[in-house]
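Novice: For reference, the sequence and a predicted model appear below.
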Amino acid sequence: MSARTATVSRDTNETQITVTIDLDGEGHLKGESGVAFLDHMLDQVARHGMIDITMDVTGDLHIDAHHTVEDLGITLGQAFDKAVGDKRGIVRYGHAYVPLDEALSRVVVDFSGRAGLFMNATFTRAMIGAMDTQLFSEFFHGFVNHARVTLHIDNLKGENAHHQAETIFKAFGRALRMALAEDPRMAGKMPSTKGTL
């Protein structure tokens with residue numbers, strides 16, 4: 001496969017974001033969003049997805065984190081869509097179960113070309129650090145709508161909200177890694193009977 005990299009910028013009155021990704025990277029996250037817990041979660045995605053993510057983010061955090069979190073999801077989704085190309089030769093589907101102590105989450109992704117988020121997660125706290133747990137769904141909505149993927153997220157159990165979130169993001173990274181892997185038996189072929197995704 002040729003290099004699967006992309007750089008995307010988003011500039012609005014609320015945020016200025018540039019994201020560069022390498023889908024075949026070494027699992028490094030560089031840069032900060034200004035939302036420390038989100039950075040911790042994106043570090044999990046990079047590490048467990050073996051994806052290099054570099055981000056330069058300025059957002060209106062004096063209001064709250066909503067615009068920054070959502071727009072980072074949008075920009076990251078756009079970068080994934082651009083980097084993955086026409087999807088020939090990839091596995092397409094990925095799934096992962098990840099535990100962390102008492103918490104367990106399942107994430108399933110399909111690089112279908114059709115955006116859809118189906119998220120079932122009830123966090124035991126409204127805030128984790130300075131991050132509102134409602135913003136996780138905003139991040140993932142932004143991502144799926146612009147990466148054009150179908151994403152199912154289920155937190156199956158958990159008592160500690162930090163553990164709940166971490167299992168979701170780790171499983172997301174692992175599922176991405178599986179879906180984006182090169183399938184030698186599908187080399188040069190589209191993983192769909194439609195002939196396009």
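Specialist: Happy to help now that I have it.

Novice: What residues are bridge-paired with the residue lying closest to residue 82 once chain neighbours are set aside?
Specialist: Once flanking residues are discounted, residue 82 sits nearest to residue 6: 3.8 Å by CB to CB, 6 or more residues apart in numbering. Using the backbone N, CA and C atoms, a C-beta is placed for each residue, glycine as well. Listed by DSSP bridges, the beta-bridge partners for residue 6 are residue 21.

Novice: Give me the distance between residue 6 and residue 20.
Specialist: 7 Å (CB to CB, to the nearest Å).

Novice: same thing with residue 69?
Specialist: Applying CB to CB, the value for residue 69 to residue 20 is 19 Å.

Novice: which phi and psi does residue 69 have?
Specialist: Torsion angles at residue 69 (phi, psi; degrees, to the nearest 10) stand at phi -70, psi -50.

Novice: residue contacts, it?
Specialist: Contact analysis of residue 69 by CB atoms under 8 Å, 6 or more residues apart in numbering lists 33, 35, 38, 131, 135, 138-139, 142.

Novice: same thing but at 6 Å, please
Specialist: Applying CB atoms under 6 Å, 6 or more residues apart in numbering, one finds that residue 69 lies in contact with 38, 135, 138-139.

Novice: do residue 27 as well
Specialist: Per CB under 6 Å, 6+ apart, neighbours of residue 27: 46-47, 50.

Novice: try 10 Å
Specialist: Neighbouring residues of residue 27 by CB atoms under 10 Å, 6 or more residues apart in numbering: 43-53, 173, 177.

Novice: which one among those gets closest to residue 166?
Specialist: Comparing the contacts of residue 27 against residue 166 with CB to CB places residue 44 closest, at 6.3 Å.

Novice: Does the closest one belong to a helix, a strand or coil?
Specialist: Per DSSP: H, G, I helix; E, B strand; the rest coil, the local secondary structure of residue 44 is helix.

Novice: how close does it sit to residue 155?
Specialist: 15 Å.

Novice: cool, and residue 123?
Specialist: Residue 123 sits 8 Å away from residue 155, going by CB to CB.

Novice: What of residue 148?
Specialist: The value you get for residue 148 to residue 155, if CB to CB is used, is 24 Å.

Novice: So these two - more neighbours on which side?
Specialist: It is residue 155, of residue 148 and residue 155, that has more neighbours when counted by other CB atoms under 10 Å, with 24 against 19.

Novice: which non-adjacent residue is nearest the more buried one?
Specialist: residue 121 (3.9 Å).

Novice: give me every residue that touches that neighbour.
Specialist: 105, 133, 136-137, 140, 153-156, 158, 161, 164-165, 167-168.
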